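**Q** Please find the sequence and the predicted model below.
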Amino acid sequence: MEDVTRTERLLALAAELRAAAPAPLRARALAERLAVSERTVQRDIAALARSGLAVRRESSGGYAVRPDQRPGEVAASTTGLLQTLAAAVRDRRIVRIAYVDQAGEQTRRDIEAHGLVIAPAADYLVGWCRLRDDDRLFRVDRIAAAHLVEGERMSRRHNLEDLIAALEVPAPRVAAGQSRGTPARARAWALARIRTVRLRLVETADEVSTAREGGASLRAVIGHLAEWTRWQVAAVRAVTTGQDLVFDGRRPAFPREFDGALGYLARERMIQDAMALRSLAELVRDLDEVLAGAAHWAAECPDGLWRDPVPEPGGMGRSRPLADLLAGWWSPLSHTEWHLDRPAGDVPGDTEPDDEPDERLVQQCPLRA
């Protein structure tokens, strides 16, 4: 594998692991196939794991990924499909797929396969679609059938940077309104940001569970985040599509006045009262489902929504790119990160030391401004 980028190597490594699943592959065998050192393979596997690939080290010393099997699918057919897609990526072949889009329409497409991306909501085949003559992401669970085109290989290299940015370490947040390039890059950037926040959420909850302290404070913060993030994501989708608010996750039953004209603190008290009946694990699962719903929508929505600025929720008359509304500054993700960045009690400008840490943290939330 000469003259390949690290991203191409990561994709090839993921393809090798998934093609062999559930059987493990040793680092030495992978290193030989990829023409790199065993240490490089180990670093790359760690990077894939951080990106969301369910890879584990077996007692035999090899590495394996969990075979994909979704509800309603037959394991044999799923494994065969993934093996075909992995072979297309590994051998730089053209793969012909029968693809069912979100509207239920099936098309036959020839794809110059570049990789399999592990995204938060689903797995995707990444490649150049000859039917549309453009970069495309195809949900694997929407591919009804796939086979390699005999006697034909990829004719040229395409810009992988736009195609598989979702496998890269998320780029630093930039100023509001700044362009992130093509729709493919903007979408991939947003998906990568969502994946990172979801991982941080789980890690934060695990740290508290392991330390067995700080649970009460974290419960208050995660309860706060679950409802506010639910509303923020729904508002972004509504202004972008012109449709009604649709809430993801497990929204609790609120009093009728909750949806009326309430001040921030009054609304927050209702949120905390409703969330108090849930365990920390339940709250984390609720927030994670909200973020997963955002990722699912971001992965499926039309390319055109990522090109032009859209109105900000709240009717302020301002517009920003969708990627910025969803994952940039003053977004559902930046709000979530603001809280995850601050341990209980670590609140800037704290002037009420007699309050509980979780109360101070929620009251200092940027949304109150």
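**A** In hand now; what should we look at? Numbers count the residues shown, from 1 in each chain.
**Q** Helix, strand or coil: sort out Ile271 for me.
**A** Using DSSP: H, G, I helix; E, B strand; the rest coil, the structure places Ile271 in helix.
**Q** those strands in the stretch 51-200 of the chain, which residues are they?
**A** 55-57, 63-65, 93-100, 106-118, 123-129, 134-139, 143-153 (DSSP state E, counting those that start in this stretch).
**Q** For the second one, which outside residues touch it?
**A** It refers to strand 63-65. 14, 17-18, 20-27, 30, 45, 53-58 (C-beta atoms under 8 Å, 6 or more residues apart in numbering). Quick note: C-beta positions are derived from backbone N, CA and C, even for glycine.
**Q** now the stretch 51-200 of the chain, which segments are flagged as low pLDDT?
**A** 51-53, 66-80, 102-103, 117-122, 155-181 (pLDDT under 70).
**Q** just to revisit the earlier point, dump the strands of the stretch 51-200 of the chain into JSON lines; add distance to Val208 and mean neighbour count as well.
**A** Formatted as JSON lines, the strands of the stretch 51-200 of the chain follow (distance: least, C-beta to C-beta, whole Å; neighbours: other C-beta atoms under 10 Å):
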{"stretch": "strand 55-57", "distance to Val208": "24", "mean neighbour count": "16"}
{"stretch": "strand 63-65", "distance to Val208": "29", "mean neighbour count": "22"}
{"stretch": "strand 93-100", "distance to Val208": "42", "mean neighbour count": "19"}
{"stretch": "strand 106-118", "distance to Val208": "26", "mean neighbour count": "20"}
{"stretch": "strand 123-129", "distance to Val208": "30", "mean neighbour count": "24"}
{"stretch": "strand 134-139", "distance to Val208": "34", "mean neighbour count": "20"}
{"stretch": "strand 143-153", "distance to Val208": "40", "mean neighbour count": "14"}
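**Q** Compare those and give me the one nearest Arg251.
**A** strand 134-139 (26.0 Å; C-beta to C-beta).
**Q** Wait, Arg136 touches Trp128, no?
**A** Yes - applying C-beta atoms under 8 Å as the test, Arg136 and Trp128 come out as touching, 7.4 Å apart.
**Q** shared neighbours, the two?
**A** Ile111.
**Q** one step back: among the contacts of strand 63-65, which ones are buried?
**A** Burial of the contacts of strand 63-65 was assessed by neighbour count (16 or more other C-beta atoms under 10 Å); the buried members are Ala14, Leu17, Arg18, Ala20, Ala21, Pro24, Leu25, Ala27, Leu30, Ile45, Leu53, Val55.
**Q** State the distance from the last one to Ala47.
**A** Val55 sits at a distance of 10 Å from Ala47 (criterion: C-beta to C-beta, to the nearest Å).
**Q** Ile194 contacts Ala295, doesn't it?
**A** Yes - contact criterion C-beta under 8 Å: Ile194 and Ala295 qualify, at 4.5 Å.
**Q** Neighbour count for the two, which is higher?
**A** Ile194 (29 against 24; other C-beta atoms under 10 Å).
**Q** Quick check: the gap between the more buried one and Ala327.
**A** Applying C-beta to C-beta, the value for Ile194 to Ala327 is 7 Å.
**Q** Against which helices or strands is the strand or helix carrying Val208 packed?
**A** Taking DSSP states H and E as the criterion, Val208 maps to helix 183-211. Packing partners of helix 183-211 (3 or more C-beta pairs under 8 Å, 6 or more residues apart in numbering; DSSP states H and E): strand 134-139, helix 160-163, helix 215-241, helix 280-300, helix 322-327, helix 332-340.
**Q** Next, the angle strand 143-153 makes with the first one.
**A** Angle between the axes of strand 134-139 and strand 143-153 is 140 degrees (criterion: axes from the mean of the first three to the mean of the last three C-alpha atoms, to 10 degrees).
**Q** Could you list every helix and strand in contact with strand 134-139?
**A** Strand 134-139 sits against strand 106-118, strand 123-129, helix 160-163, helix 183-211, helix 280-300, with contacts defined as 3+ C-beta pairs under 8 Å, 6+ apart.
**Q** next one: the third one
**A** Using 3+ C-beta pairs under 8 Å, 6+ apart as the contact criterion, the elements in contact with helix 215-241 are helix 183-211, helix 264-275, helix 280-300, strand 310-311, helix 322-327, helix 332-340, helix 357-363.
**Q** mind saving the C-alpha coords of the second one as CSV?
**A** I take that to be helix 264-275. Backbone C-alpha positions of helix 264-275 (Å, rounded to 0.1, in the frame of the first residue of the first chain) are rendered in CSV as follows:
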residue,chain,number,x,y,z
TYR,A,264,-35.4,30.3,32.5
LEU,A,265,-35.2,29.4,36.3
ALA,A,266,-38.9,28.4,36.5
ARG,A,267,-38.5,26.1,33.5
GLU,A,268,-35.3,24.7,34.9
ARG,A,269,-37.0,23.8,38.2
MET,A,270,-39.7,21.9,36.3
ILE,A,271,-36.9,20.0,34.4
GLN,A,272,-35.1,19.1,37.6
ASP,A,273,-38.4,18.0,39.2
ALA,A,274,-39.2,15.8,36.3
MET,A,275,-35.7,14.3,35.9
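**Q** in that helix, what counts as buried?
**A** Under 16+ other C-beta under 10 Å, the buried positions of helix 264-275 are Arg267, Glu268, Met270, Ile271, Gln272, Ala274, Met275.
**Q** my guess is the second one contacts Gly223, does it?
**A** No - with contacts counted by C-beta under 8 Å, Glu268 stays clear of Gly223, the gap being 9.7 Å.
**Q** Tyr99 against Ala145, yeah?
**A** No - assessed by C-beta under 8 Å, Tyr99 is found out of contact with Ala145, at 9.3 Å.
**Q** hang on, the earlier thing: please identify the most buried of the helices and strands packed on strand 134-139.
**A** Neighbour counts (mean count of other C-beta atoms under 10 Å) averaged over each of the helices and strands packed on strand 134-139 peak at strand 123-129, with a mean of 24.
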